[in-house]
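Chemist: structure for the following, please:
(2 chains)
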Amino acid sequence: MSIRVRIAPSPTGNLHIGTARTAVFNWLYAHHHPDGQFILRIEDTDRERSQPRYTRNILAGLAWLGLDWQEGPIYQSNRLDRYQQVVEQLLEQGLAYRCYCTEAELEEMRAAQKAAGKAPRYDNRHRYLTEAERQAYEGEGRKPVIRFRIEEPQEVTWNDLIRGEIRWNTQDLGGDMVIARADGQALYNLAVVVDDIDMQISHVIRGEDHIGNTPKQILLYQALGSQPPAFAHSPLILNPEGKKLSKRDGATSVAEFQQMGFLPEALKNYLALLSWSPPDGEELFTLDKAATLFDFDRVNRSAARFDWDKLNWINSQYIRQLDAGELVERLTPFWQAAGFDLSTVPQSPWLLTLAQLISEGITRLTEAPPLSRFLLEPKLGYTLPALEQLRMAGVATALAEIAQLLVAIEPSTATPDTLKPPIDQVVKTQGIKKGVVMKSLRAALTGDLQGPDLMASFALLHQRGWAVERLQAVASLLPAPPP
RNA sequence: GCCCCCAUCGUCUAGAGGCCCAGGACACAUCCCUUUCACGGAUGCGACAGGGGUUCGAAUCCCCUUGGGGGUACCA
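Modeler: Residues are numbered from 1 along each chain as shown, chains lettered A, B, ... in the order given. Below you'll find the model as predicted:
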């Protein structure tokens, strides 16, 4: 049997991080097998809540993560006739029937059950309506929903690939289930089963929140004369407090992680590591590598909390592994978003050197613009501590002398080594501590007391032709002399 | 309420009866490196939820309790 798995997001919201993780597991499992197929299906049967912009977001998010699929996207909204046909078939076979209950009647029923201390459920009251009763309801203008008959008591069992055997008594399924709404629209459980049968899905890998749907779907498979696929229910991702992940936790959609400066390969890596671990214990890996190792026996059964620290760390590791050219490419959108004009930057190696210079100090791409601002924006701002440093006695004079010596150094030849002699010379001639000079130099050049490697920054700045003027500008920062 | 799932350091996890007075990673602390901040290196702190069994022996198997999560729609 060939391996065919699918990710089936519903476009009622942006691509959720939990959905992305499910996609990762499916992708890994498909790619673990030489003939594995990963299929994308958009479950847009809910007309009111589904929106095209969410579909776009989901497709873009999956593409950004590089979770490519072999078939699809298949839209359920294009398969409505097929569902309708299956509903008719179940009706004809007597496995489903029309239920004319109104919303009010159902609510009343559930309220009574609750008052009696019982679990709310549909009491199958319209399962055996007579032709006359049916006519009467139709006469009232009532539009029926279609319910699928769930025989009770009966035990439904499946061997979950992650959790082992799970047993479910059909008495706990809530009564005969609605498979099509009053407007004829098929509902989730029916559509999923029909699709998974038609698409020959071999393994349904999805979140734990679907465990309760599984017995209902197995019953549907049986009614449709199909062998159910294998099921694997993965643990959920919880927020750091152990609660359901929500917008309040910083980010829930993949697009937000992208905006926050995470690399897709880092996010994927982290997602794969939540509730799964490779046999060799290695925590940094590509998904291709993980695919060769992936199997359900190494998937944990307990929910995992989302840990920003760990994600940040993984991201920083990936950023450092990127080669300079790749790094510049990834950084460019963030630099542009910060408003930097990259078209005026010096010849080729300059930007690469800059990217490499700041790469060791960042954990996310968004941290790059503030760190490289002094090299990419002509106008320099000073922090208060930097100003204080520059106003210390003797500093302006020392920096002015360095500026003077700098003029003799052709910018294109500037390197940390060629820029050292002027500094040493000033230390000697002015009898000022080297530590003070270095600190002041940083303040004058970058406007701050901390940042990337000073000499490397100095070289880049001089190559750009900005070093001399920045050193000279220090004089104007001094408070006006008393009259 | 009812049903289902889960339970190892703060977090992610290794562990499928003796190799474990429990290993790794992140975080945290200290030190080293570095005329900055980081990176990197070293060291440290730190857990088998509780109670019963089974067994010569239990983090590992069983039961109960407790705790957490999920579900209980004419949503998916």
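Chemist: now for chain A: which helix has the highest residue count?
Modeler: The single longest helix within chain A, with elements called by DSSP state H, is helix A:17-32.
Chemist: now it, how far from the centre of its chain.
Modeler: Relative to its parent chain, helix A:17-32 has a centroid offset of 12 Å by CA atoms, centre = their mean, to the nearest Å.
Chemist: how about that helix: buried residues?
Modeler: Within helix A:17-32, the residues that count as buried by 16 or more other CB atoms under 10 Å are A:17-31. All C-beta spots, glycine's among them, are computed from the backbone N, C-alpha and C.
Chemist: which strands and helices sit next to the very next helix or strand once past it?
Modeler: Downstream of helix A:17-32, the first helix or strand assigned by DSSP states H and E is strand A:37-42. Using 3 or more CB pairs under 8 Å, 6 or more residues apart in numbering; DSSP states H and E as the contact test, the elements touching strand A:37-42 are strand A:4-7, helix A:17-32, helix A:52-65, strand A:71-75.
Chemist: mind putting the ones you listed into TSV with distance to RNA strand B?
Modeler: TSV is the format used below for the helices and strands packed on strand A:37-42 (distance: least, CB to the nearest atom of the strand, whole Å):
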stretch	distance to RNA strand B
strand A:4-7	11
helix A:17-32	9
helix A:52-65	11
strand A:71-75	11
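Chemist: could you dump these to CSV with mean pLDDT?
Modeler: CSV is the format used below for the helices and strands packed on strand A:37-42 (pLDDT from 0 to 100):
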stretch, mean pLDDT
strand A:4-7, 98
helix A:17-32, 97
helix A:52-65, 97
strand A:71-75, 94
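Chemist: going along the chain, name the helices of the stretch 201-350 of chain A.
Modeler: Along the stretch 201-350 of chain A, counting by DSSP state H, counting those that start in this stretch, helices occupy A:214-223, A:254-259, A:264-273, A:287-293, A:308-321, A:324-337, A:349-359.
Chemist: which residues sit against the first one?
Modeler: Helix A:214-223 is touched from outside by A:90, A:93, A:95, A:148, A:150, A:156, A:158, A:166, A:168, A:170, A:173, A:177, A:179, A:189-190, A:192-193, A:197, A:227-228, A:231, A:233, with contacts defined as CB atoms under 8 Å, 6 or more residues apart in numbering.
Chemist: and it, what's buried?
Modeler: Using 16+ other CB under 10 Å as the test for burial, helix A:214-223 gives A:214-220, A:223.
Chemist: over to the last one?
Modeler: When burial is assessed from 16+ other CB under 10 Å, helix A:349-359 yields the following buried residues: A:350-351, A:353-359.
Chemist: chain center to that helix, what's the gap?
Modeler: Distance, centroid of helix A:349-359 to centroid of chain: 28 Å (CA atoms, centre = their mean).
Chemist: please apply the same query to the fifth one.
Modeler: Its chain's C-alpha centre lies 14 Å from the corresponding centre of helix A:308-321 when counted by CA atoms, centre = their mean.
Chemist: that helix vs helix A:264-273, what angle?
Modeler: Helix A:308-321 and helix A:264-273 are oriented at 140 degrees to each other (axes from the mean of the first three to the mean of the last three CA atoms, to 10 degrees).
Chemist: ok, and what's touching helix A:308-321?
Modeler: In this structure, residues lying in contact with helix A:308-321 by CB under 8 Å, 6+ apart are A:240, A:250, A:261-263, A:265-267, A:269-270, A:273, A:283-284, A:327, A:359-360, A:362-365.
Chemist: intersect those residues with the contacts of RNA strand B.
Modeler: With CB under 7 Å from any atom of the strand as the criterion, the contacts of helix A:308-321 include A:240, A:273, A:283, A:360 near RNA strand B.
Chemist: compare those and tell me which is most surrounded.
Modeler: Ranked by the number of neighbours (other CB atoms under 10 Å), those place A:L273 first, at 20 neighbours.
Chemist: does that one touch A:L284 like I think?
Modeler: No: if you go by CB atoms under 8 Å, A:L273 and A:L284 don't touch, sitting 9.2 Å apart.
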